[in-house]
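Participant: 3D, please:
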Amino acid sequence: MIRSFTRFVFFCLTAILQMALPAWSANTSEAGPIATYEVHGVLKSFDAERHQALISHDAIPGYMPAMTMTFDVPPNEEMGGFRAGDSITFRLCVQGNEAWIEHLQKVSDAPSSPFSPAAPTVSRELHEGDFLPDIELVDQAGHSTRLSAFRGKTLALTFTYTRCPLPTYCPLISRNFESARPLLAKLGASQNACFVSVSLDPLHDTPESLAAYAKRYHAEGDDWIFATTTDHALHTIGDAVGLESRVTEGRIDHNLRTIVIDPTGRLRHIFRGNSWTPQELVAEMRTAGRAHP
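Facilitator: Now for the predicted structure:
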């Protein structure tokens with residue numbers, strides 16, 4: 001009797017531990033092999049609550065160009081001894097649709113500089129109910145249009161670029177859009193909805209490359225537009241929604257913004273980062289579709 005009870009307790013504890021295992025220990029046989037890259041960069045910030053590090057990293061040969069982006073960090077990685085500005089090395093691990101960094105090592109401390117008060121920043125972000133700037137776009141078919149041409153439809157608009165390989169960054173946003181489309185259709189709300197992906201790399205992302213990229217995510221039909229625009233227009237709409245995007249000496253630096261626009265052309269919601277789900281996006285789109293001016 002005691003032996004049976006002990007086995008039962010052991011079984012329960014084992015099951016609980018297995019459910020609690022973090023994503024970093026995913027079964028390699030199920031998700032495929034783990035590709036690893038040794039990388040050098042500069043730590044910009046670390047979010048201890050989300051276990052995410054913002055790093056400006058060098059180019060990763062054969063994988064992606066230099067850029068500044070947010071990486072997931074396993075909870076068992078010790079980040080207490082790091083501070084913003086430290087030069088670091090780390091290992092980037094990519095497995096299927098997951099990516100994380102580990103083995104963080106400090107190369108040198110952040111350079112010291114005399115204290116100077118930061119200049120006050122003026123927020124130019126729009127508020128819910130404000131109209132979006134009416135920028136011009138060129139879609140994957142080479143057709144020119146304007147944002148105002150989508151009036152009458154609820155829009156989900158995001159910013160990505162075709163050369164971004166990290167599965168938890170631009171590709172994740174595109175996969176979320178891909179998943180949201182059939183969800184809207186099941187709810188009978190797809191007829192008056194449209195998805196728009198605006199490129200952050202207009203120099204490289206021609207209509208031809210955007211068309212090829214669209215095929216990866218089964219974006220047939222006219223309810224998902226992949227578009228490019230001018231640098232000026234990109235910064236105009238970016239400033240309106242808190243998007244930070246720039247190309248410096250081949251380095252692409254950007255954060256993530258996905259916005260929901262109601263049929264009148266007004267801003268209804270801003271998703272910051274990549275932690276939102278297709279279900280949350282669909283819910284906001286349905287709410288925006290019912291909004292009144």
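Participant: Let me see the residues that make contact with the helix or strand that residue 40 is a member of.
Facilitator: Counting by DSSP states H and E, the element that carries residue 40 is strand 35-47. Contacts with strand 35-47, where a contact means CB atoms under 8 Å, 6 or more residues apart in numbering, come from 52-58, 60, 63, 68, 73, 79, 82-95, 101, 107. In this view, the C-beta of every residue, glycine as well, is placed from N, C-alpha and C.
Participant: what about 6 Å?
Facilitator: Outside strand 35-47, the residues within contact range by CB atoms under 6 Å, 6 or more residues apart in numbering are 53-58, 60, 63, 79, 82, 84, 86-94.
Participant: Moving C-terminal from it, which element do we reach first?
Facilitator: Proceeding N to C from strand 35-47, the next assigned helix or strand is strand 52-57, under DSSP H and E.
Participant: Report the strands that pair with that following strand, each with its relative direction.
Facilitator: Using DSSP bridges, strand 52-57 pairs in its sheet with strand 35-47 (antiparallel), strand 67-72 (antiparallel).
Participant: Looking at those strands, which is nearest to residue 134?
Facilitator: Closest to residue 134 of the strands paired with strand 52-57 is strand 67-72 (CB to CB; 29.2 Å).
Participant: The closest one - what's its average pLDDT?
Facilitator: The average of the pLDDT scores along strand 67-72 is 90.
Participant: ok so, going back, buried stuff in the strand holding residue 40?
Facilitator: 37, 39-44, 46 (16 or more other CB atoms under 10 Å).
Participant: how far out from the middle of the chain is it?
Facilitator: 17 Å (CA atoms, centre = their mean, to the nearest Å).
Participant: ok, the buried residues of strand 35-47 vs residue 288, which is closest?
Facilitator: Closest to residue 288, out of all of the buried residues of strand 35-47 and judged by CB to CB, is residue 44, at 32.8 Å.
Participant: Okay, and the beta partners of the residue nearest to that closest one when sequence neighbours are not counted?
Facilitator: In space, residue 44 comes closest to residue 54 once its chain neighbours are excluded; the distance is 4.2 Å by CB to CB, 6 or more residues apart in numbering. Counting by DSSP bridges, residue 54 forms beta bridges with residue 45, residue 70.
Participant: now residue 54: how far from residue 93?
Facilitator: 18 Å (CB to CB, to the nearest Å).
Participant: again, but for residue 277
Facilitator: 23 Å.
Participant: Neighbour count: those two, which is higher?
Facilitator: When neighbours are counted by other CB atoms under 10 Å, residue 277 and residue 93 differ, and residue 93 comes out ahead with 19 against 12.
Participant: what mean pLDDT does the helix or strand that one falls within have?
Facilitator: Using DSSP H and E, residue 93 sits within strand 87-95. Mean per-residue pLDDT for strand 87-95: 96.
Participant: And that strand, what's buried?
Facilitator: Buried residues in strand 87-95, counted by 16+ other CB under 10 Å: 88, 90, 92-95.
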